[in-house]
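J.: Fold the following and give me the result.
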Amino acid sequence: MALWSQASQRVVDAMETDISPRTANPLKDKVFHANIQIQSIEDAPTRERELSEGSRLVDQSSESAEDAANRERAAEMQMWWDEAIARNMDLPDGYVKVAVLLVKWADELDELKTRTEAEELEAVFRDRFHFHTETVELNVSSKPQHQMNCYLAVFVEKHDGPNNLLVLYYTGHGVYREDHKHLELTASLNPMVKKGFSKDARLNWNKAEDILRSDDVECDVLTILDTCYSSNLAKSGKEETRTFELLSACAIDSTTAAPGDNSFTRALIDALKELLEEFHDRPFTTFHLNQRILLDKRRHDTPSQLWFRLQHHERHIRLAPLKPEKDRERKASGLRHPPRGYLTLRFALRDESLNREQIEFLTRNLSKAFNNKALVGLRRIDWLGLKPARTTHFGRAALAMFAIAQWKKFLNRRREERASQRRVDEVEFPADMAAEVSPVSSPMRKRTRDGFDDLPEPKREYLVIPQPPSPPVSNSSRVEDTGGGGS
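T.: Alright, predicted model coming up:
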(Lines give C-alpha, C1' and ligand atoms only; values in the text may rest on other atoms or scores of the structure.)
Protein backbone atom coordinates (compact mmCIF):
# COMPACT_ATOMS: atom_id res chain seq x y z
CA MET A 1 0.00 0.00 0.00
CA ALA A 2 2.96 2.32 0.58
CA LEU A 3 4.03 1.90 -3.00
CA TRP A 4 0.49 2.77 -4.09
CA SER A 5 0.56 5.98 -2.00
CA GLN A 6 3.90 7.02 -3.49
CA ALA A 7 2.63 6.43 -7.02
CA SER A 8 -0.54 8.38 -6.29
CA GLN A 9 1.49 11.29 -4.93
CA ARG A 10 3.62 11.33 -8.06
CA VAL A 11 0.49 11.52 -10.18
CA VAL A 12 -0.84 14.42 -8.13
CA ASP A 13 2.48 16.25 -8.35
CA ALA A 14 2.49 15.80 -12.09
CA MET A 15 -1.05 17.16 -12.41
CA GLU A 16 -0.18 20.27 -10.37
CA THR A 17 2.46 21.35 -12.86
CA ASP A 18 1.85 23.61 -15.84
CA ILE A 19 -1.07 22.77 -18.07
CA SER A 20 -0.02 20.24 -20.71
CA PRO A 21 -1.31 20.12 -24.24
CA ARG A 22 -4.67 18.35 -24.66
CA THR A 23 -3.02 15.39 -26.39
CA ALA A 24 -0.41 14.86 -23.70
CA ASN A 25 -0.88 11.94 -21.33
CA PRO A 26 -0.05 12.98 -17.75
CA LEU A 27 0.18 9.31 -16.71
CA LYS A 28 2.74 8.37 -19.35
CA ASP A 29 5.74 6.38 -18.10
CA LYS A 30 4.08 5.92 -14.68
CA VAL A 31 4.02 2.58 -12.87
CA PHE A 32 1.06 1.73 -10.60
CA HIS A 33 1.34 -0.85 -7.85
CA ALA A 34 -1.98 -2.15 -6.45
CA ASN A 35 -2.84 -4.68 -3.79
CA ILE A 36 -6.22 -6.26 -4.70
CA GLN A 37 -7.65 -8.93 -2.47
CA ILE A 38 -10.90 -10.86 -3.17
CA GLN A 39 -12.43 -11.96 0.10
CA SER A 40 -15.46 -13.90 -1.23
CA ILE A 41 -17.65 -14.45 -4.26
CA GLU A 42 -21.46 -14.71 -4.10
CA ASP A 43 -24.37 -14.49 -6.49
CA ALA A 44 -25.84 -11.04 -7.03
CA PRO A 45 -29.47 -10.76 -5.88
CA THR A 46 -31.99 -10.95 -8.68
CA ARG A 47 -34.67 -8.36 -8.01
CA GLU A 48 -37.02 -9.77 -10.62
CA ARG A 49 -36.90 -13.23 -9.03
CA GLU A 50 -37.66 -11.81 -5.59
CA LEU A 51 -40.56 -9.77 -6.90
CA SER A 52 -42.00 -12.66 -8.88
CA GLU A 53 -42.76 -14.40 -5.61
CA GLY A 54 -44.87 -11.46 -4.44
CA SER A 55 -46.24 -8.63 -6.49
CA ARG A 56 -47.21 -9.31 -10.10
CA LEU A 57 -46.56 -6.74 -12.76
CA VAL A 58 -49.16 -5.69 -15.32
CA ASP A 59 -46.46 -5.01 -17.91
CA GLN A 60 -47.88 -2.69 -20.56
CA SER A 61 -44.59 -1.16 -21.69
CA SER A 62 -42.73 -4.12 -23.23
CA GLU A 63 -45.43 -6.69 -24.00
CA SER A 64 -46.26 -7.85 -27.50
CA ALA A 65 -49.13 -6.45 -29.51
CA GLU A 66 -51.13 -9.64 -28.97
CA ASP A 67 -50.61 -9.58 -25.19
CA ALA A 68 -51.53 -5.90 -25.07
CA ALA A 69 -54.73 -6.59 -27.01
CA ASN A 70 -55.60 -9.47 -24.65
CA ARG A 71 -55.07 -7.33 -21.56
CA GLU A 72 -57.11 -4.50 -22.99
CA ARG A 73 -59.85 -6.98 -23.88
CA ALA A 74 -59.81 -8.31 -20.31
CA ALA A 75 -60.13 -4.79 -18.89
CA GLU A 76 -63.06 -4.11 -21.22
CA MET A 77 -64.83 -7.32 -20.18
CA GLN A 78 -64.46 -6.37 -16.52
CA MET A 79 -65.97 -2.92 -17.19
CA TRP A 80 -68.88 -4.43 -19.13
CA TRP A 81 -69.52 -6.92 -16.34
CA ASP A 82 -69.45 -4.36 -13.53
CA GLU A 83 -71.76 -2.00 -15.40
CA ALA A 84 -74.22 -4.78 -16.29
CA ILE A 85 -74.27 -6.37 -12.83
CA ALA A 86 -74.87 -2.98 -11.19
CA ARG A 87 -77.72 -2.25 -13.60
CA ASN A 88 -79.41 -5.66 -13.34
CA MET A 89 -79.01 -5.96 -9.56
CA ASP A 90 -79.69 -2.28 -8.80
CA LEU A 91 -76.31 -1.83 -7.11
CA PRO A 92 -73.96 1.17 -7.04
CA ASP A 93 -72.01 1.43 -10.30
CA GLY A 94 -68.63 1.83 -8.68
CA TYR A 95 -67.60 2.57 -5.14
CA VAL A 96 -69.90 4.00 -2.50
CA LYS A 97 -67.08 6.12 -1.09
CA VAL A 98 -63.58 7.08 -2.30
CA ALA A 99 -61.03 8.86 -0.11
CA VAL A 100 -57.63 10.16 -1.24
CA LEU A 101 -54.68 10.83 1.07
CA LEU A 102 -51.84 12.91 -0.47
CA VAL A 103 -48.50 12.75 1.37
CA LYS A 104 -45.55 15.13 0.86
CA TRP A 105 -42.74 16.60 2.90
CA ALA A 106 -42.99 19.99 4.58
CA ASP A 107 -41.80 22.83 2.37
CA GLU A 108 -38.70 23.57 4.46
CA LEU A 109 -37.56 19.96 4.03
CA ASP A 110 -38.87 19.25 0.52
CA GLU A 111 -35.87 19.35 -1.81
CA LEU A 112 -38.02 18.68 -4.91
CA LYS A 113 -40.61 21.42 -4.23
CA THR A 114 -43.63 19.22 -4.91
CA ARG A 115 -46.37 21.46 -3.52
CA THR A 116 -47.67 22.85 -6.84
CA GLU A 117 -48.21 19.47 -8.52
CA ALA A 118 -49.63 17.89 -5.36
CA GLU A 119 -52.21 20.67 -5.01
CA GLU A 120 -53.22 20.40 -8.68
CA LEU A 121 -53.68 16.63 -8.39
CA GLU A 122 -55.76 17.08 -5.25
CA ALA A 123 -57.99 19.56 -7.09
CA VAL A 124 -58.63 17.01 -9.88
CA PHE A 125 -59.65 14.31 -7.40
CA ARG A 126 -61.76 16.70 -5.34
CA ASP A 127 -63.46 18.85 -7.99
CA ARG A 128 -63.66 16.53 -11.00
CA PHE A 129 -64.11 13.11 -9.33
CA HIS A 130 -65.84 14.37 -6.17
CA PHE A 131 -63.57 12.23 -3.97
CA HIS A 132 -62.83 13.07 -0.36
CA THR A 133 -59.25 14.40 -0.25
CA GLU A 134 -56.73 15.11 2.51
CA THR A 135 -53.14 16.39 2.26
CA VAL A 136 -50.61 15.79 5.03
CA GLU A 137 -47.02 17.05 5.30
CA LEU A 138 -44.29 15.09 7.03
CA ASN A 139 -41.77 16.95 9.19
CA VAL A 140 -39.19 16.18 11.87
CA SER A 141 -41.12 17.37 14.91
CA SER A 142 -41.38 13.66 15.66
CA LYS A 143 -40.21 10.55 13.84
CA PRO A 144 -41.59 10.63 10.28
CA GLN A 145 -42.22 6.88 10.52
CA HIS A 146 -44.59 7.44 13.44
CA GLN A 147 -46.28 10.30 11.59
CA MET A 148 -46.89 8.20 8.49
CA ASN A 149 -48.15 5.23 10.47
CA CYS A 150 -50.50 7.46 12.42
CA TYR A 151 -51.85 9.22 9.33
CA LEU A 152 -52.53 5.90 7.61
CA ALA A 153 -54.15 4.31 10.66
CA VAL A 154 -56.55 7.21 11.13
CA PHE A 155 -57.24 7.37 7.39
CA VAL A 156 -58.15 3.68 7.23
CA GLU A 157 -60.28 3.89 10.36
CA LYS A 158 -62.34 6.76 8.93
CA HIS A 159 -62.86 5.50 5.40
CA ASP A 160 -62.60 1.69 5.42
CA GLY A 161 -65.55 -0.36 4.12
CA PRO A 162 -66.25 -3.32 1.79
CA ASN A 163 -67.59 -0.99 -0.92
CA ASN A 164 -65.02 1.78 -0.53
CA LEU A 165 -61.72 2.72 -2.17
CA LEU A 166 -58.69 4.30 -0.53
CA VAL A 167 -56.12 6.10 -2.69
CA LEU A 168 -52.71 6.95 -1.23
CA TYR A 169 -50.41 9.28 -3.19
CA TYR A 170 -46.80 10.14 -2.29
CA THR A 171 -44.45 12.56 -4.03
CA GLY A 172 -40.82 13.09 -3.05
CA HIS A 173 -37.47 11.35 -3.00
CA GLY A 174 -37.10 7.60 -2.67
CA VAL A 175 -34.09 5.32 -2.16
CA TYR A 176 -33.98 1.54 -2.13
CA ARG A 177 -31.94 0.19 0.78
CA GLU A 178 -30.39 -2.98 -0.56
CA ASP A 179 -29.03 -4.03 2.83
CA HIS A 180 -32.48 -4.03 4.49
CA LYS A 181 -34.59 -4.69 1.37
CA HIS A 182 -36.96 -1.77 1.81
CA LEU A 183 -37.96 1.44 0.03
CA GLU A 184 -37.00 4.52 1.99
CA LEU A 185 -38.90 7.77 1.47
CA THR A 186 -36.78 10.83 2.20
CA ALA A 187 -37.00 14.60 1.88
CA SER A 188 -33.49 15.15 0.52
CA LEU A 189 -30.72 13.30 -1.29
CA ASN A 190 -28.17 16.11 -1.14
CA PRO A 191 -25.54 15.31 1.52
CA MET A 192 -24.71 19.02 1.83
CA VAL A 193 -28.30 19.74 2.86
CA LYS A 194 -28.62 16.70 5.12
CA LYS A 195 -27.45 18.30 8.32
CA GLY A 196 -29.14 18.81 11.62
CA PHE A 197 -32.69 17.45 11.67
CA SER A 198 -32.80 17.09 7.88
CA LYS A 199 -30.96 13.79 8.05
CA ASP A 200 -33.88 12.35 10.03
CA ALA A 201 -36.47 13.20 7.37
CA ARG A 202 -36.89 9.61 6.16
CA LEU A 203 -39.12 6.59 6.74
CA ASN A 204 -39.54 2.95 5.73
CA TRP A 205 -42.40 2.68 3.21
CA ASN A 206 -42.66 -1.11 3.55
CA LYS A 207 -43.58 -0.74 7.22
CA ALA A 208 -46.19 1.91 6.41
CA GLU A 209 -47.71 -0.21 3.64
CA ASP A 210 -48.28 -3.07 6.07
CA ILE A 211 -51.18 -1.05 7.50
CA LEU A 212 -52.91 -1.01 4.11
CA ARG A 213 -52.23 -4.70 3.45
CA SER A 214 -53.58 -5.79 6.81
CA ASP A 215 -56.25 -8.50 6.85
CA ASP A 216 -58.43 -6.15 8.88
CA VAL A 217 -58.80 -3.74 5.95
CA GLU A 218 -61.88 -4.44 3.80
CA CYS A 219 -61.68 -1.74 1.15
CA ASP A 220 -59.79 -1.74 -2.14
CA VAL A 221 -56.53 0.21 -2.11
CA LEU A 222 -54.64 2.08 -4.82
CA THR A 223 -51.21 3.47 -3.99
CA ILE A 224 -49.57 5.95 -6.37
CA LEU A 225 -45.86 6.55 -5.79
CA ASP A 226 -44.11 9.34 -7.68
CA THR A 227 -40.63 8.56 -6.46
CA CYS A 228 -37.48 6.83 -7.61
CA TYR A 229 -37.22 3.06 -7.11
CA SER A 230 -40.95 2.91 -6.45
CA SER A 231 -41.18 -0.57 -8.00
CA ASN A 232 -38.52 -2.03 -5.67
CA LEU A 233 -40.95 -3.68 -3.31
CA ALA A 234 -40.78 -6.70 -1.04
CA LYS A 235 -43.15 -9.64 -1.15
CA SER A 236 -46.84 -8.92 -0.92
CA GLY A 237 -49.81 -10.80 0.49
CA LYS A 238 -52.33 -13.24 -0.90
CA GLU A 239 -56.01 -12.46 -0.77
CA GLU A 240 -59.02 -12.93 -3.01
CA THR A 241 -61.61 -10.70 -1.39
CA ARG A 242 -60.30 -7.27 -2.39
CA THR A 243 -58.01 -5.48 -4.83
CA PHE A 244 -54.74 -3.76 -3.95
CA GLU A 245 -52.78 -2.14 -6.79
CA LEU A 246 -49.67 0.02 -7.04
CA LEU A 247 -49.20 2.58 -9.80
CA SER A 248 -45.46 3.23 -9.85
CA ALA A 249 -43.69 6.12 -11.56
CA CYS A 250 -40.81 3.97 -12.80
CA ALA A 251 -39.57 0.42 -13.25
CA ILE A 252 -37.38 -1.68 -10.98
CA ASP A 253 -34.05 -0.05 -10.06
CA SER A 254 -35.02 3.08 -12.02
CA THR A 255 -35.36 6.76 -11.28
CA THR A 256 -37.99 9.27 -12.37
CA ALA A 257 -38.11 12.94 -13.32
CA ALA A 258 -38.47 15.74 -10.78
CA PRO A 259 -41.62 17.93 -10.73
CA GLY A 260 -42.04 19.73 -14.04
CA ASP A 261 -43.25 19.11 -17.57
CA ASN A 262 -41.76 15.59 -17.70
CA SER A 263 -42.78 14.38 -14.26
CA PHE A 264 -44.99 11.38 -13.59
CA THR A 265 -47.47 13.49 -11.63
CA ARG A 266 -47.86 15.86 -14.59
CA ALA A 267 -48.58 12.89 -16.90
CA LEU A 268 -50.98 11.46 -14.29
CA ILE A 269 -52.95 14.71 -14.05
CA ASP A 270 -53.21 15.02 -17.84
CA ALA A 271 -54.23 11.35 -18.22
CA LEU A 272 -56.99 11.69 -15.60
CA LYS A 273 -58.41 14.74 -17.36
CA GLU A 274 -58.30 13.04 -20.78
CA LEU A 275 -60.05 9.91 -19.50
CA LEU A 276 -62.73 12.04 -17.84
CA GLU A 277 -63.43 13.68 -21.19
CA GLU A 278 -63.52 10.31 -22.94
CA PHE A 279 -65.56 8.26 -20.46
CA HIS A 280 -67.60 11.11 -18.91
CA ASP A 281 -69.32 9.58 -15.87
CA ARG A 282 -68.55 5.96 -16.86
CA PRO A 283 -65.79 4.12 -14.95
CA PHE A 284 -62.37 3.36 -16.40
CA THR A 285 -59.81 1.01 -14.89
CA THR A 286 -56.29 1.54 -13.62
CA PHE A 287 -55.19 -0.43 -16.68
CA HIS A 288 -56.56 2.30 -18.92
CA LEU A 289 -54.99 4.97 -16.70
CA ASN A 290 -51.54 3.41 -16.89
CA GLN A 291 -51.97 2.81 -20.61
CA ARG A 292 -52.72 6.49 -21.17
CA ILE A 293 -49.63 7.52 -19.17
CA LEU A 294 -47.46 5.14 -21.22
CA LEU A 295 -48.69 6.78 -24.42
CA ASP A 296 -47.45 10.17 -23.19
CA LYS A 297 -44.32 10.97 -25.23
CA ARG A 298 -42.79 12.75 -22.25
CA ARG A 299 -42.69 9.46 -20.35
CA HIS A 300 -41.36 7.10 -23.01
CA ASP A 301 -37.91 6.98 -21.43
CA THR A 302 -39.37 6.20 -17.99
CA PRO A 303 -42.44 3.96 -18.36
CA SER A 304 -44.77 3.71 -15.40
CA GLN A 305 -45.65 0.33 -13.92
CA LEU A 306 -48.89 -1.18 -12.61
CA TRP A 307 -48.55 -3.87 -9.95
CA PHE A 308 -50.99 -6.27 -8.30
CA ARG A 309 -50.04 -6.18 -4.62
CA LEU A 310 -52.51 -8.94 -3.71
CA GLN A 311 -52.61 -12.14 -5.71
CA HIS A 312 -55.11 -14.73 -7.01
CA HIS A 313 -57.15 -12.51 -9.31
CA GLU A 314 -56.66 -9.82 -11.93
CA ARG A 315 -59.46 -7.46 -11.09
CA HIS A 316 -58.49 -3.83 -11.72
CA ILE A 317 -59.65 -0.87 -9.65
CA ARG A 318 -62.23 1.31 -11.42
CA LEU A 319 -62.26 5.10 -11.23
CA ALA A 320 -65.19 7.35 -12.05
CA PRO A 321 -66.78 10.54 -10.72
CA LEU A 322 -69.00 9.71 -7.76
CA LYS A 323 -72.74 9.99 -8.17
CA PRO A 324 -74.70 12.28 -5.82
CA GLU A 325 -74.57 11.04 -2.27
CA LYS A 326 -78.33 10.37 -2.09
CA ASP A 327 -78.20 7.98 -5.03
CA ARG A 328 -75.18 6.18 -3.65
CA GLU A 329 -76.72 5.83 -0.20
CA ARG A 330 -80.01 4.53 -1.61
CA LYS A 331 -78.38 1.80 -3.69
CA ALA A 332 -75.94 0.92 -0.91
CA SER A 333 -78.67 0.48 1.70
CA GLY A 334 -78.59 -3.29 1.21
CA LEU A 335 -74.80 -3.43 1.47
CA ARG A 336 -74.42 -2.12 4.99
CA HIS A 337 -73.28 -5.41 6.44
CA PRO A 338 -70.02 -6.84 5.09
CA PRO A 339 -70.17 -10.28 3.46
CA ARG A 340 -69.15 -13.27 5.55
CA GLY A 341 -68.57 -15.73 2.72
CA TYR A 342 -67.57 -15.85 -0.94
CA LEU A 343 -68.86 -18.48 -3.35
CA THR A 344 -66.47 -19.26 -6.20
CA LEU A 345 -67.89 -20.90 -9.32
CA ARG A 346 -66.11 -21.83 -12.53
CA PHE A 347 -68.00 -21.74 -15.81
CA ALA A 348 -66.57 -23.80 -18.69
CA LEU A 349 -67.24 -21.70 -21.77
CA ARG A 350 -67.05 -22.38 -25.47
CA ASP A 351 -65.09 -19.20 -26.20
CA GLU A 352 -61.96 -17.82 -24.60
CA SER A 353 -63.50 -14.34 -24.33
CA LEU A 354 -66.96 -12.79 -24.09
CA ASN A 355 -68.48 -9.89 -25.96
CA ARG A 356 -70.75 -7.27 -24.44
CA GLU A 357 -73.96 -9.00 -25.52
CA GLN A 358 -72.89 -12.28 -23.90
CA ILE A 359 -71.97 -10.52 -20.66
CA GLU A 360 -75.30 -8.70 -20.60
CA PHE A 361 -77.10 -12.04 -21.04
CA LEU A 362 -75.13 -13.65 -18.19
CA THR A 363 -75.62 -10.82 -15.72
CA ARG A 364 -79.33 -10.50 -16.48
CA ASN A 365 -80.01 -14.19 -15.98
CA LEU A 366 -77.79 -14.49 -12.92
CA SER A 367 -79.63 -11.60 -11.30
CA LYS A 368 -82.93 -13.39 -12.05
CA ALA A 369 -81.62 -16.62 -10.56
CA PHE A 370 -80.77 -14.77 -7.33
CA ASN A 371 -83.94 -12.68 -7.40
CA ASN A 372 -84.87 -13.75 -3.90
CA LYS A 373 -81.81 -12.09 -2.37
CA ALA A 374 -83.14 -12.40 1.15
CA LEU A 375 -82.98 -16.18 0.92
CA VAL A 376 -79.32 -16.31 -0.14
CA GLY A 377 -78.19 -12.91 1.10
CA LEU A 378 -76.42 -12.03 -2.14
CA ARG A 379 -74.45 -8.76 -2.00
CA ARG A 380 -72.86 -8.54 -5.45
CA ILE A 381 -71.15 -10.65 -8.11
CA ASP A 382 -67.60 -9.55 -8.91
CA TRP A 383 -65.62 -10.27 -12.05
CA LEU A 384 -62.27 -11.83 -11.14
CA GLY A 385 -61.05 -12.66 -14.62
CA LEU A 386 -61.43 -15.05 -17.53
CA LYS A 387 -58.56 -17.42 -18.22
CA PRO A 388 -58.03 -19.64 -21.27
CA ALA A 389 -58.50 -23.35 -20.69
CA ARG A 390 -55.32 -25.30 -19.99
CA THR A 391 -54.44 -27.72 -22.77
CA THR A 392 -52.02 -30.64 -22.28
CA HIS A 393 -49.45 -31.72 -24.86
CA PHE A 394 -51.65 -34.68 -25.79
CA GLY A 395 -54.68 -32.43 -26.10
CA ARG A 396 -52.80 -29.98 -28.31
CA ALA A 397 -51.56 -32.85 -30.51
CA ALA A 398 -55.07 -34.30 -30.80
CA LEU A 399 -56.45 -30.88 -31.64
CA ALA A 400 -53.78 -30.39 -34.30
CA MET A 401 -54.50 -33.82 -35.82
CA PHE A 402 -58.22 -33.07 -35.90
CA ALA A 403 -57.59 -29.73 -37.56
CA ILE A 404 -55.32 -31.35 -40.17
CA ALA A 405 -57.93 -34.04 -40.93
CA GLN A 406 -60.65 -31.44 -41.34
CA TRP A 407 -58.40 -29.40 -43.60
CA LYS A 408 -57.65 -32.43 -45.77
CA LYS A 409 -61.36 -33.18 -46.10
CA PHE A 410 -61.98 -29.63 -47.15
CA LEU A 411 -59.20 -29.75 -49.75
CA ASN A 412 -60.43 -33.07 -51.17
CA ARG A 413 -63.96 -31.77 -51.42
CA ARG A 414 -62.78 -28.66 -53.24
CA ARG A 415 -60.64 -30.80 -55.57
CA GLU A 416 -63.60 -33.02 -56.46
CA GLU A 417 -65.81 -30.03 -57.08
CA ARG A 418 -63.27 -28.50 -59.45
CA ALA A 419 -62.76 -31.78 -61.33
CA SER A 420 -66.52 -32.21 -61.67
CA GLN A 421 -66.86 -28.70 -62.97
CA ARG A 422 -64.16 -29.31 -65.59
CA ARG A 423 -65.90 -32.47 -66.82
CA VAL A 424 -69.18 -30.61 -67.12
CA ASP A 425 -67.57 -27.81 -69.07
CA GLU A 426 -66.19 -30.33 -71.58
CA VAL A 427 -69.63 -31.75 -72.43
CA GLU A 428 -71.33 -30.13 -75.43
CA PHE A 429 -75.08 -30.10 -75.36
CA PRO A 430 -77.34 -29.52 -78.40
CA ALA A 431 -79.15 -26.26 -78.19
CA ASP A 432 -82.59 -27.83 -77.85
CA MET A 433 -81.42 -30.23 -75.11
CA ALA A 434 -79.60 -27.51 -73.22
CA ALA A 435 -82.86 -25.61 -72.99
CA GLU A 436 -84.77 -28.60 -71.61
CA VAL A 437 -82.22 -30.13 -69.25
CA SER A 438 -81.41 -28.41 -65.96
CA PRO A 439 -77.68 -27.63 -65.74
CA VAL A 440 -77.60 -28.60 -62.07
CA SER A 441 -79.80 -31.67 -61.75
CA SER A 442 -79.21 -33.38 -65.14
CA PRO A 443 -77.03 -36.52 -65.01
CA MET A 444 -75.90 -35.66 -68.53
CA ARG A 445 -73.55 -33.01 -67.03
CA LYS A 446 -71.42 -35.75 -65.53
CA ARG A 447 -71.00 -37.70 -68.80
CA THR A 448 -67.96 -37.29 -70.98
CA ARG A 449 -67.85 -37.06 -74.73
CA ASP A 450 -66.98 -40.78 -74.98
CA GLY A 451 -70.10 -41.75 -73.09
CA PHE A 452 -72.48 -40.97 -75.94
CA ASP A 453 -72.24 -44.62 -77.17
CA ASP A 454 -74.13 -45.68 -74.07
CA LEU A 455 -77.09 -43.36 -74.67
CA PRO A 456 -80.54 -44.95 -75.21
CA GLU A 457 -81.34 -45.90 -78.81
CA PRO A 458 -84.10 -43.34 -79.44
CA LYS A 459 -81.72 -40.53 -78.76
CA ARG A 460 -79.16 -41.83 -81.24
CA GLU A 461 -81.50 -40.83 -84.07
CA TYR A 462 -80.35 -37.29 -83.57
CA LEU A 463 -76.83 -38.37 -84.37
CA VAL A 464 -77.40 -40.70 -87.45
CA ILE A 465 -77.48 -39.13 -90.92
CA PRO A 466 -80.56 -40.63 -92.81
CA GLN A 467 -80.14 -42.34 -96.28
CA PRO A 468 -81.78 -40.72 -99.37
CA PRO A 469 -85.26 -42.24 -100.25
CA SER A 470 -85.89 -44.61 -103.25
CA PRO A 471 -87.38 -43.15 -106.46
CA PRO A 472 -91.19 -43.02 -106.31
CA VAL A 473 -93.34 -45.49 -108.47
CA SER A 474 -96.62 -44.18 -109.95
CA ASN A 475 -99.87 -46.14 -109.77
CA SER A 476 -100.49 -45.86 -113.55
CA SER A 477 -97.36 -47.75 -114.36
CA ARG A 478 -98.32 -50.60 -112.17
CA VAL A 479 -101.78 -50.87 -113.93
CA GLU A 480 -100.34 -50.93 -117.41
CA ASP A 481 -97.88 -53.59 -116.55
CA THR A 482 -100.57 -55.73 -115.04
CA GLY A 483 -102.85 -55.32 -118.02
CA GLY A 484 -100.22 -56.28 -120.53
CA GLY A 485 -99.38 -59.38 -118.70
CA GLY A 486 -102.99 -60.60 -118.68
CA SER A 487 -103.66 -60.17 -122.44
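
J.: CA atoms for contacts and neighbours, from now on please.
T.: Noted.

J.: do you know how far residue 254 is from residue 265?
T.: For residue 254, the distance to residue 265 (CA to CA, to the nearest Å) stands at 16 Å.

J.: quick one: which of those two has more around it?
T.: For residue 254 and residue 265, the more surrounded residue by other CA atoms under 10 Å is residue 265, and the numbers stand at 28 against 15.

J.: In a helix, the more buried one, correct?
T.: Yes - under DSSP: H, G, I helix; E, B strand; the rest coil, residue 265 falls within a helix.

J.: For it, which residues are in contact?
T.: By CA atoms under 8 Å, 6 or more residues apart in numbering, the contact list for residue 265 reads 117-118, 121, 226, 259.

J.: Quick check: it vs residue 121, distance?
T.: 8 Å.

J.: One more: residue 297?
T.: When distance is defined by CA to CA, residue 297 is 20 Å away from residue 121.

J.: same check, this time on residue 185
T.: Here the distance between residue 185 and residue 121 works out to 20 Å (CA to CA).

J.: higher neighbour count, these two?
T.: Set residue 185 next to residue 121 and count neighbours by other CA under 10 Å: residue 185 wins out with 27 against 18.

J.: dump the residue contacts of the more buried one.
T.: 172-175, 202-205.

J.: Would you format these as TSV with distance to residue 219, neighbour count and secondary structure included?
T.: Compiled in TSV, these are given as follows (distance: CA to CA, whole Å; neighbours: other CA atoms under 10 Å; DSSP: H, G, I helix; E, B strand; the rest coil):
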residue	distance to residue 219	neighbour count	secondary structure
172	26	22	coil
173	28	25	strand
174	27	25	strand
175	29	20	strand
202	28	22	strand
203	25	23	strand
204	23	19	strand
205	20	19	helix
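
J.: quick one: which of the residues you listed is nearest to residue 84?
T.: Distance to residue 84, by CA to CA, is smallest for residue 205 among the contacts of residue 185, at 38.1 Å.

J.: hang on, the earlier thing: please report which of the contacts of residue 265 has the highest neighbour count.
T.: The most neighbours of any of these, using other CA under 10 Å, belong to residue 226, which has 27 neighbours.

J.: Return the residues in contact with it.
T.: 169-172, 248-249, 256, 264-265.

J.: Just send these back as a markdown table, with distance to residue 146 and pLDDT too.
T.: Shown next, in a markdown table, are the contacts of residue 226 (distance: CA to CA, whole Å; pLDDT from 0 to 100):
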| residue | distance to residue 146 | pLDDT |
| --- | --- | --- |
| 169 | 18 | 98 |
| 170 | 16 | 98 |
| 171 | 18 | 97 |
| 172 | 18 | 96 |
| 248 | 24 | 95 |
| 249 | 25 | 95 |
| 256 | 27 | 94 |
| 264 | 27 | 97 |
| 265 | 26 | 97 |
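
J.: out of those residues, what pair is the most spread apart?
T.: With distance counted by CA to CA, no two of these lie farther apart than 169 and 256, which are 15.4 Å apart.
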